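Undergrad: model the following, please.
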Amino acid sequence: MRRLTRYLVVSATGAVVQLALVWVLTAIERLPASMAAVLGVAAAVLHNFLWHRRWTWGDRPLRGRAAVDALVAYALSNGVISALGNLVAAVVLVDWGGWHPVAACGLAIAACGAINFWIADRRVWRRGNLPSASFDAYSTLRALSGSTRAARNAGTAAAVQATTRRTAVAVANVVGSRGDRP
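TA: Take a look at the predicted model:
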């Protein structure tokens, strides 16, 4: 129950980050709701990952390569689910239904929350993650889709993951060389 409470606190603050950014981007910058929703999700995903790593799943520490793998896994699972949910909400509720973008994104956040918790707990910060553990695209795609066909397509996800991981490792090396810690 403690982990779920922490997850909800971090998610609530991430929702504030996301909804504030959506408001600024749509009301002040006049961006389309769909673009603002995706950018808001990106900001919230990074915010939430950093806080979940330190606080929600702090008892499952990740260092070095495992931390980079966890960020990639979090972005490819929770980030993609949230981005798709918010994109659908922006198109259906805002463009077609006339809703305010912040209200539509708020509903999408609530709708995606339960699945995002399950994936984060079971896939990103799973027990037994060692510093050398890597993100398993096959297992995650299979868990998300429930089908063997999607799991076979993990090769494409693995190629994207490898490129993303190399970039993240390079950034982590630069940050690590300065002594900064998230």
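Undergrad: hey, let's count contacts and neighbours off CA atoms from now on
TA: OK.
Undergrad: where exactly do the helices run in this protein?
TA: 2-23, 33-51, 65-74, 80-89, 101-119, 137-145, 148-152, 154-178 (DSSP state H).
Undergrad: which of those helices has the lowest mean pLDDT?
TA: Note on these: helix 148-152 shows the lowest mean pLDDT, a mean of 45.
Undergrad: what number of residues lie near I81?
TA: Neighbour count for I81, taken as other Cα atoms under 10 Å: 19.
Undergrad: distance check, it against L87.
TA: 10 Å (Cα to Cα, to the nearest Å).
Undergrad: ok, T26 next?
TA: Distance from T26 to L87, by Cα to Cα: 14 Å.
Undergrad: between these two, which is the more surrounded one?
TA: Set side by side, T26 and L87 show more neighbours around L87, with 23 against 20, by other Cα under 10 Å.
Undergrad: ok, now which ones touch that one?
TA: By Cα atoms under 8 Å, 6 or more residues apart in numbering, the contact set of L87 is S34, A37, V38.
Undergrad: quick check: the second one touching V88?
TA: It refers to A37. No - look at A37 against V88 with Cα atoms under 8 Å: they stay out of range, at 9.7 Å.
Undergrad: look at these two and report which has more neighbours.
TA: A37 (32 against 18).
Undergrad: I'd like the distance between the more buried one and V72.
TA: For A37, the distance to V72 - Cα to Cα - is 20 Å.
Undergrad: which residues does stretch 39-52 contact?
TA: So stretch 39-52 is contacted by 7, 10-11, 14-15, 17-19, 21-22, 58, 71, 74-75, 78-79, 82-83, 86, 182 (Cα under 8 Å, 6+ apart).
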